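J.: 3D, please:
(one chain, ligands or ions: 3)
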Amino acid sequence: MATSIGNRSVCVIGGGISGMTTAIEAAEVGYEVYLIEKAPSLGGRVVQMNQYFPKLCPPQCGVEINYRRIRVNPRIRHFTLAEVEGVSGIPGNFDVTVRMGPRYVNEKCTSCNKCTDACPVERQSDYDYGMGKTKAIYLPHEMAFPMRYVIDDTVCLKEQCSKCVAACRYDAIELSMKPKSLTINVGSVVLATGWSPYHAIKIDNLKFGIYRNVIRNVEMERLAAPNGPTKGKILSPSDKKEIKSIAFVQCAGSRDENHLAYCSSVCCLASMKQATYVRSQYPDADIFIFYIDIRATGRFEDFYVKLQTDRKISFIKGKVAKIIEDEGTKALTVVAEDILSGKKVYRKVDMVVLATGMVPNGIKAKMPADIVYDEFGFAVSDLQSPGIYVTGCTKKPADVASCIQDATGTALKAIQTIVGV
Ligand SMILES: Cc1cc2nc3c(=O)[nH]c(=O)nc-3n(C[C@H](O)[C@H](O)[C@H](O)COP(=O)(O)OP(=O)(O)OC[C@H]3O[C@@H](n4cnc5c(N)ncnc54)[C@H](O)[C@@H]3O)c2cc1C
Ligand code: SF4
Ligand code: SF4
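T.: Ligands and ions are numbered 1, 2, ... in the order given. Okay, here's the model as predicted:
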């Protein structure tokens, strides 16, 4: 199928907070936008957070308003389960080929959940980073946009089963749905494909994937979230008991030539945020933050200063050498050299959270377009690809507020290309 709405249109690839912002800003000043998202729901990584720094509000605060702005704006056409296969052309006249995977659930879905009750197959929840399960037919998350169920066809038993089809009173499930292809003609293209957490299994001495009570910061967000796998209780994975002590290991793999040579800029703030909500939930919990340098610049300095006054939070300047597990209790001892005292420290804790960094998705799935990447896989926004822009964490690690500012500016660049031709 080919379609065209002329060159007063922008294609935004990636529907996280950055892509949604560029799409909304361009559409609200009169431009047509195609928003292409590969997941079954818009929102990106921020919908998996428990709370946002610096205000510590839940993700609903910022995300729902963006969903509403998209819902009410007829100039934005969004495509989920969609990926770009090719981009060709010149500024003002690009053809973008999009492949849309089958959702197997049509727009008649009312989100009644009857299909999920009937489905006999389980899968690991990607929303909960594998810590929880969903059925093969599931709602991506409770705020999902579009609010429509989806089938994971890698596990679904399809026609041999069809229990969901029988359970659905709205004729919303089509097990025979096929992928579709679409070519859109646009004036400019914006890449906003974001980031993924570093695969911490590669950091040998920190034992992620070997010791059950060593988790990453992204998993911590889900453990603490009221809609997470433990309904917001922070339980140690080995015995499901509520934690009494946690160690945060900063720069886990970051600023390290063997892993990620760069600083992901938000991990210190993410750990401080997590320490804050752990302390408010468990006032007796002891927190140890092992760091090389704390990066909390600008207005975030206040956040750091406040945490330092909490006597239950200890900042220890030193790189963690190793983590030892007690074979019986599964408690962990974190071993580091405290640079300020010159002494070796041993801290026994229930759980260790690795502050792992952000890996640009560009490094895995380079867009079939003329885009320049740096040595780490972040897309470089420069004049080598006129008419094609990059925004948010596709370009560099950043917090949400910085991504929104950048994405708003990127909307203007995308419009200037259209106006200028
Ligand atoms: C542990 C942790 C905690 C954090 N906590 C906070 C916080 O409290 N406050 C804060 O301000 N910031 C926080 N951040 C940073 C925040 O997560 C980022 O600023 C934000 O996710 C950036 O949004 P984005 O849209 O650029 O990328 P993403 O959120 O990654 O969105 C990218 C989107 O593009 C889609 N996509 C990827 N590839 C393709 C493709 N090929 N085709 C189509 N779509 C594609 C993805 O599915 C996704 O929806 C935290 C980061 C970490 C690591
Ligand atoms: S697919 Fe049918 S049964 Fe499942 S939630 Fe939607 S309307 Fe309900
Ligand atoms: S057809 Fe697939 S999604 Fe439907 S009930 Fe069976 S396994 Fe579940």
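J.: relative to ligand 1, how far out is the residue sitting nearest the centre point of the chain?
T.: Centre of the chain computed as the mean C-alpha position; nearest residue by C-alpha atoms, centre = their mean is residue 45, 1.9 Å away. As judged by C-beta to the nearest ligand atom, to the nearest Å, residue 45 and ligand 1 stand 4 Å apart. Glycine gets a C-beta too; all of them are placed from N, C-alpha and C.
J.: surely that residue touches residue 195?
T.: Yes: the criterion here is C-beta atoms under 8 Å, and residue 45 meets it with residue 195 at 6.9 Å.
J.: for the residue nearest to the centre of the chain, grab phi and psi.
T.: phi -70, psi -30 (degrees, to the nearest 10).
J.: neighbours of the closest residue to residue 344 other than its chain neighbours, how many?
T.: Leaving out its chain neighbours, the residue that sits closest to residue 344 by C-beta to C-beta, 6 or more residues apart in numbering is residue 337, at 5.7 Å. Per other C-beta atoms under 10 Å, the neighbour tally for residue 337 reads 15.
J.: what's the answer for residue 416, then?
T.: 14.
J.: distance-wise, check the residue of the stretch 151-300 of the chain found nearest ligand 2 relative to ligand 1.
T.: Nearest to ligand 2, among the residues of the stretch 151-300 of the chain, is residue 168, at 3.2 Å (C-beta to the nearest ligand atom). Here residue 168 is placed at a distance of 27 Å from ligand 1 (C-beta to the nearest ligand atom).
J.: please list all residues in contact with the closest residue to that residue other than its chain neighbours.
T.: Spatial nearest neighbour of residue 168, chain neighbours left out: residue 115 (5.3 Å); criterion: C-beta to C-beta, 6+ apart. Shown in contact with residue 115 (C-beta atoms under 8 Å, 6 or more residues apart in numbering): 135, 137, 149, 164, 167-168, 173.
J.: which among the residues you listed gets closest to residue 64?
T.: Using C-beta to C-beta, residue 149 is the member of the contacts of residue 115 that lies nearest residue 64, at 19.5 Å.
J.: tell me the mean pLDDT for stretch 361-374?
T.: For stretch 361-374, the mean pLDDT works out to 74.
J.: if we can go back for a sec, could you give the number of residues near the residue of the stretch 151-300 of the chain closest to ligand 2?
T.: By other C-beta under 10 Å, neighbour count at residue 168 equals 20.
J.: wait, doesn't it sit right on residue 111?
T.: No: applying C-beta under 8 Å as the test, residue 168 and residue 111 come out as separate, 11.3 Å apart.
J.: on that earlier part again, how about the secondary structure of the residue nearest to residue 344?
T.: strand (DSSP: H, G, I helix; E, B strand; the rest coil).
J.: name all residues that make contact with it.
T.: Residue 337 is in contact with 318-319, 321, 343-345, counting by C-beta under 8 Å, 6+ apart.
J.: with adjacent residues omitted, what lies nearest to the one residue in the stretch 251-400 of the chain that gets nearest to ligand 1?
T.: Distances between the stretch 251-400 of the chain and ligand 1 by C-beta to the nearest ligand atom are smallest at residue 392, namely 2.6 Å. Nearest residue to residue 392 in three dimensions, chain neighbours excluded: residue 18, at 2.6 Å (C-beta to C-beta, 6+ apart).
J.: is the one you found located within a helix, as I assumed?
T.: Yes: checked against three-state DSSP, residue 18 lies within a helix.
J.: residue 408 is in contact with that one, correct?
T.: No: counting by C-beta under 8 Å, residue 18 does not reach residue 408; the two are 9.8 Å apart.
J.: wait, doesn't residue 334 sit right on residue 289?
T.: No: Residue 334 is beyond contact range of residue 289, at 10.8 Å (criterion: C-beta under 8 Å).
J.: common neighbours of those two, please.
T.: In contact with both residue 334 and residue 289: residue 247, using C-beta under 8 Å, 6+ apart.
J.: which parts of stretch 376-395 are buried?
T.: 377-379, 381, 385, 387-395 (16 or more other C-beta atoms under 10 Å).
J.: ends of it, how far apart?
T.: Using C-alpha to C-alpha, to the nearest Å, the end-to-end distance of stretch 376-395 comes out at 10 Å.
J.: from the chain's centroid, how far away is that stretch?
T.: 19 Å (C-alpha atoms, centre = their mean, to the nearest Å).
J.: which parts of the stretch 301-421 of the chain are helices?
T.: With DSSP state H, counting those that start in this stretch as the criterion, the stretch 301-421 of the chain has helices at 301-308, 400-420.
J.: redo those as JSON lines? Include distance to residue 200.
T.: Listed next are these as JSON lines, based on distance: least, C-beta to C-beta, whole Å:
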{"stretch": "helix 301-308", "distance to residue 200": "24"}
{"stretch": "helix 400-420", "distance to residue 200": "23"}
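J.: winner for burial among those?
T.: Of all the helices of the stretch 301-421 of the chain, helix 400-420 has the most neighbours on average by mean count of other C-beta atoms under 10 Å, namely a mean of 19.
J.: briefly note if that helix comes near ligand 1.
T.: Yes: contact of helix 400-420 with ligand 1 (C-beta under 6 Å from any ligand atom) involves 400-401, 403.
J.: switch those residues over to TSV; also include pLDDT and distance to residue 309.
T.: Output for the residues of helix 400-420 next to ligand 1, formatted as TSV (pLDDT from 0 to 100; distance: C-beta to C-beta, whole Å):
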residue	pLDDT	distance to residue 309
400	94	26
401	93	25
403	97	30
